[in-house]
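Visitor: below is the sequence, then the predicted model.
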Number of protein chains: 2
Amino acid sequence: MKYEEAKIKFISTWGSLGTLWGINKAMAQIQALLFISTEPLSMEDIMEELQISRGNTSMNLRQLMDWGIVTKELIPGERKEYFTTEKDVQELTRIIAKERSRREIQPVIKVLNEVSSIKDDGTEKTKELIKQTKALHDLTVTADAMVNKLVNQKQNWITKSLIKLIK
Amino acid sequence: MKYEEAKIKFISTWGSLGTLWGINKAMAQIQALLFISTEPLSMEDIMEELQISRGNTSMNLRQLMDWGIVTKELIPGERKEYFTTEKDVQELTRIIAKERSRREIQPVIKVLNEVSSIKDDGTEKTKELIKQTKALHDLTVTADAMVNKLVNQKQNWITKSLIKLIK
DNA sequence: ATAAACTTTCAATAATTACTGAAAGTTTAA
DNA sequence: TTAAACTTTCAGTAATTATTGAAAGTTTAT
């Protein structure tokens, strides 16, 4: 496999993975492109490479910046804006985990908490609802805490954690 | 909050969460309904509760069975088929993690492996592609192994693991 | 064998989500 | 202050994904 083919394969795989993570294809592809690029890219560059419109590029870059994954790079003497993505996979993971927790997990925890706190009226179905949503609540809280814990160990966290768990 | 309200809230929250997990709303809602139900439900019951069509119910139940989350329950003397879901949250997590790994993570690992194994032609951009996809590959492999490890500790895994990690 | 009771399939349609492109907005340089 | 160079916005449209409902399929009882 040659460079161009490998690049296309990587970008398109990353793009379709994005879809089932709740971020759209274009957004994931832009991030992928920046991730393997040796220098910052302009909007023009991105549009050209991925064959997407200016509007699409602008909106998705904005979202990536909202996530904190992509940043503007000012190149002296240039009018255009250039973009780069976080290049360190562990830092990238940390940012994504934190954002997903904030955006998706926390709201769910809140609902599970509300639902599992309703008054027990003594009926079997109410007892079941409380029991099951409480179990989900506790699981979610603990898993979320665990991921945050893992991910905040800046240096070499995965390896370290794995070693701990295996023994 | 009363039972009916809490139930509706739980089902709809679970449903919309499903969406950003790559499983569709109806599928997640059916699972949620079964999860808090005290007894097995028929297709009729599910259609009625969630206000969805017979075809939709049938297809999504099938998918849930493919995932191994829902099973048919035969009730003696009854013609209809009844359905239940795994009720234990830890077992549920184990099944979901395993399936997601198989369906989504493994294919990505394969591509990352292919892409990061292309021949280094000495150019900077090829070096960058190899370096970055290799980093992603290693991270993905390790994280996947870690989740599997965690999740396969049948009893009380989350709590145990957290304790280990914190100290 | 027939029919009643049920489930599955799938073409048509609806609902949702993503994308475009041109107009409006902004910034910088002269 | 004007205009060139650039970015953002958003109404319209395209693409994708989910849902329906009726016909076809299956199973069980008689």
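Guide: Here it is on my side, so go on. Numbering: from 1, shown residues only, chains lettered A, B, ... in the order given.
Visitor: find the nearest non-adjacent residue to A:Trp67, please.
Guide: Closest residue in space to A:Trp67, ignoring its immediate chain neighbours: A:Glu99 at 5.5 Å, by C-beta to C-beta, 6 or more residues apart in numbering or on different chains. Glycine gets a C-beta too; all of them are placed from N, C-alpha and C.
Visitor: what strand or helix carries the one you found?
Guide: helix A:89-100 (DSSP states H and E).
Visitor: list the helices and strands the next helix or strand after that helix packs on?
Guide: Sequence-wise, the next helix or strand downstream of helix A:89-100 (DSSP H and E) is helix A:106-116. Judged by 3 or more C-beta pairs under 8 Å, 6 or more residues apart in numbering or on different chains; DSSP states H and E, the packing partners of helix A:106-116 are helix A:124-152, helix B:3-19.
Visitor: with distance to DNA strand C, mean neighbour count and mean pLDDT added, can I get those in TSV?
Guide: Output for the helices and strands packed on helix A:106-116, formatted as TSV (distance: least, C-beta to the nearest atom of the strand, whole Å; neighbours: other C-beta atoms under 10 Å in any protein chain shown; pLDDT from 0 to 100):
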stretch	distance to DNA strand C	mean neighbour count	mean pLDDT
helix A:124-152	22	17	92
helix B:3-19	6	18	94
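Visitor: ok, A:Ile105 - contacts?
Guide: A:140, A:144 (C-beta atoms under 8 Å, 6 or more residues apart in numbering or on different chains).
Visitor: show the pLDDT at it.
Guide: For A:Ile105, the pLDDT comes out at 93.
Visitor: now do it against A:Val141, distance only.
Guide: Plainly put, A:Ile105 is 9 Å away from A:Val141 if you go by C-beta to C-beta, to the nearest Å.
Visitor: ok, now which ones touch the residue nearest the centre of chain A?
Guide: Closest to where the C-alpha atoms of chain A average out (C-alpha atoms, centre = their mean) is A:Ile96, at 3.5 Å. Residues near A:Ile96 by C-beta under 8 Å, 6+ apart: A:67, A:69.
Visitor: distance of it relative to DNA strand D?
Guide: Applying C-beta to the nearest atom of the strand, to the nearest Å, the value for A:Ile96 to DNA strand D is 21 Å.
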